[in-house]
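>>> sharing a model prediction with you, sequence too.
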Amino acid sequence: MPNRGWNSVRLEDLLESVFAGAWGESPSDARKPNVRVLRATNIDSEGRVDYSSPALRVLGASEVSRKRLHSGDLLLEASGGGPGTPVGRVALHAVQSGKVDYTCSNFFRVLRPKTEVVHPWYLTHLLVAAYRSPRIWRYQQQTTGLVNLKLGDYLKQSLWIPPISEQVRIVEILAGFEDAEQGIEASISKLRNVRHGALLASMESVASETPAAGWTRVLLKDIVPSVEYGISEALDGDARGVPVLRMNNIQSARIDVDELRYCPVPVPSKLFLRRGDVLFNRTNSMEHIGKTAMWRDELPSATFASYLVRLVPDLNRVTPEYLVEWLTHPLVRQRVRSISTVAVQQVNVNPSRLRELEIDLPFDLAEQRRIVAMLEACDEQIGREGEELNKLRALKQGLVDDLLSGRVKASGVAA
């Protein structure tokens with residue numbers, strides 16, 4: 001049980017009102033243009049709202065008047081999930097009312113806290129924690145094609161609430177962590193922009209009508225003499241089999257060996273990966289088509305699935321690291337998409353057509369290595385910042401659990 005002075009209160013008793021988001025305009029209603037409508041894509045799992053890309057809608061003026069968001073309103077995702085993904089994310093609308101009208105889609109329920117009882121940010125932290133806990137599954141209801149929140153049951157859940165002064169102190173402590181998080185996130189975003197600019201500048205020949213001095217432009221097949229498909233065997237989770245890389249194991253142009261699947265039958269030796277092999281994702285959605293990474297012996301042995309292909313470069317002409325960077329260049333990604341074919345619910349790139357693309361590269365392998373080293377230096381700094389962010393988030397999560405449960409008093413945490 002939490003500290004003295006804390007009370008167990010039903011969520012519904014902490015709210016002034018609960019209402020659905022906006023649906024549309026009434027035929028007899030006046031029209032209100034450019035209303036900013038927040039959608040599921042505008043909230044994250046940390047309780048924050050991204051205001052950079054709301055939908056702009058023409059809605060009925062009377063509905064906007066009834067459903068205009070107030071600063072301190074909580075947006076509760078009540079519908080829209082898919083199988084295996086619960087709804088119930090919560091985010092706090094913290095924009096002060098002004099000349100700009102915000103509302104939210106009807107996939108949300110708006111919770112308006114009684115601010116004399118509960119601090120909106122404190123309630124947000126509580127409900128974010130509830131979403132991350134197993135109990136969120138109690139409130140899920142599957143309908144045709146959608147997962148919906150059992151709102152009545154959700155609102156009857158009991159929460160431990162300290163005095164308002166303790167809530168304010170807890171919110172202040174967690175805000176300090178969030179400021180630090182956002183600072184690191186901004187640093188990572190800046191480093192990614194620097195890397196992107198460095199990639200474009202170092203490979204400006206790709207966007208030129210003629211190759212730059214010291215560069216050549218050839219067909220990809222001239223420097224990638226062979227392409228090989230992976231295995232088509234049924235995979236399972238038994239780690240006694242051969243590890244198999246799939247599309248999801250290519251993340252940010254690197255191999256990620258989490259969430260592996262395994263081949264339970266022997267694999268031909270020629271299909272085991274060798275250091276320097278370049279894997280290219282040939283089949284999936286347009287977003288994922290062309291994802292590329294180089295195998296760096298992340299595991300003692302592994303093979304790859306058939307919807308990936310292995311590009312085997314001529315090491316006298318091109319380094320595999322440079323080949324990966326070229327394939328991730330934005331213009332090259334566009335060219336790859338332009339040669340893709342659309343089938344039922346997926347896109348496919350024929351490796352033969354891929355090898356007909358022209359590639360720009362320096363004659364000098366040392367210059368290729370210099371370009372890659374510059375870009376990898378950015379990657380290393382991004383990685384260090386990412387590690388710091390993960391450490392901070394882990395520390396914050398532990399503190400959140402302690403503060404919201406009352407195991408640690410806010411007065412005992414250094415400012």
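Ah, there it is.

>>> and the nearest residue to residue 188 once chain neighbours are set aside, backbone torsions?
Closest residue to residue 188 in three dimensions, ignoring its sequence neighbours and counting by CB to CB, 6 or more residues apart in numbering: residue 385, at 4.9 Å. Yep, even glycine has a C-beta here, placed from its N, CA and C like the rest. Backbone torsions of residue 385, given as degrees, to the nearest 10, read phi -60, psi -40.

>>> now do the phi/psi pair for the residue minimising distance to the centre of the chain.
Nearest residue to the geometric centre of the chain (CA atoms, centre = their mean): residue 44, 9.3 Å. Backbone torsions of residue 44, given as degrees, to the nearest 10, read phi -120, psi -180.

>>> doesn't residue 91 make contact with it?
Yes - between residue 44 and residue 91 a contact is recorded at 6.9 Å, counting by CB atoms under 8 Å.

>>> related to what we said a few turns ago, show the pLDDT at the residue nearest to the centre of the chain.
Model confidence at residue 44, expressed as pLDDT, equals 89.

>>> list the contacts of it.
50, 89, 91 (CB atoms under 8 Å, 6 or more residues apart in numbering).

>>> ditto for residue 130
88, 136, 157, 159.

>>> make a PyMOL selection of the buried ones in these.
The buried residues among those can be selected in PyMOL (16 or more other CB atoms under 10 Å) with this line:
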select buried, resi 88+136+157+159
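
>>> list just the nearest of the contacts of residue 130 to residue 237.
residue 136 (25.2 Å; CB to CB).

>>> roughly how far does that closest one sit from residue 157?
Separation of residue 136 from residue 157 (CB to CB, to the nearest Å): 10 Å.

>>> Provide a list of residues in contact with residue 324.
Residue 324 neighbours (CB under 8 Å, 6+ apart): 253, 278, 292, 293, 294.

>>> please apply the same query to residue 321.
294, 368, 369, 372, 376.

>>> my read: the residue nearest to residue 188 touches residue 189, true?
No - counting by CB under 8 Å, residue 385 does not reach residue 189; the two are 9.9 Å apart.

>>> more crowded one of those two?
residue 385 (18 against 12; other CB atoms under 10 Å).

>>> circling back: got a list of what the residue nearest to residue 188 touches?
Counted by CB under 8 Å, 6+ apart, residue 385 has contacts 184, 187, 188, 191.

>>> which pLDDT does the model give it?
In this model, residue 385 carries a pLDDT of 97.

>>> kindly report the same for the one 10 residues further on.
With respect to pLDDT, residue 395 has a value of 92.

>>> got it, and the one 5 residues further on?
The model reports residue 400 with a pLDDT of 89.

>>> grab the nearest non-local neighbour of residue 296.
That would be residue 275: by CB to CB, 6+ apart, it lies 6.3 Å from residue 296.

>>> what about that neighbour, distance to residue 166?
56 Å.

>>> what about the two, which has more around it?
Higher neighbour count among residue 275 and residue 166: residue 166, with 21 against 10, using other CB under 10 Å.

>>> so which helix or strand takes in that one?
helix 164-202 (DSSP states H and E).

>>> buried residues in stretch 266-286?
By 16+ other CB under 10 Å, the buried positions in stretch 266-286 come out as 267, 271, 273, 276, 277, 278, 279, 280, 281, 282, 283, 284.

>>> and which of the contacts of residue 324 is nearest residue 350?
For the contacts of residue 324, the nearest to residue 350 is residue 292 (16.1 Å; CB to CB).

>>> returning to that earlier point: the residue nearest to residue 296 belongs to a strand, doesn't it?
No - read with DSSP: H, G, I helix; E, B strand; the rest coil, residue 275 is coil and lies in no strand.

>>> what sits against the residue nearest to residue 80 when sequence neighbours are not counted?
Spatial nearest neighbour of residue 80, chain neighbours left out: residue 107 (4.7 Å); criterion: CB to CB, 6+ apart. The contact partners of residue 107, taken as CB under 8 Å, 6+ apart, are 21, 39, 40, 77, 78, 79, 80.

>>> farthest-separated two in the residues you listed?
Maximum distance among these (CB to CB): 12.9 Å, for 39 and 78.

>>> more neighbours: which of the two?
Between residue 39 and residue 78, counted using other CB under 10 Å, residue 78 has the larger neighbour count: 24 against 17.

>>> quick one: the helices in the chain, in order.
Using DSSP state H, the helices found in the chain span residues 61-67, 120-132, 151-155, 164-202, 220-223, 320-327, 330-338, 351-354, 365-405.

>>> Serialize those helices to TSV and add fields for distance to residue 211.
Output for the helices of the chain, formatted as TSV (distance: least, CB to CB, whole Å):
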stretch	distance to residue 211
helix 61-67	56
helix 120-132	52
helix 151-155	61
helix 164-202	14
helix 220-223	14
helix 320-327	13
helix 330-338	14
helix 351-354	20
helix 365-405	13
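
>>> which intervals of this protein have sub-threshold pLDDT?
Within the chain, the stretches with pLDDT under 70 are 1-3, 24-28, 81-83, 97-98, 414-415.

>>> same thing but at 80, please
Counting by pLDDT under 80, the chain contains low-confidence ranges at 1-4, 23-31, 81-84, 96-100, 143-145, 286, 343-345, 411-415.

>>> longest strand of it?
When the chain is parsed with DSSP state E, its longest strand is strand 31-38.

>>> give the other helices and strands that it contacts.
Contacts defined by 3 or more CB pairs under 8 Å, 6 or more residues apart in numbering; DSSP states H and E place strand 31-38 against strand 55-60, helix 61-67, strand 102-104.
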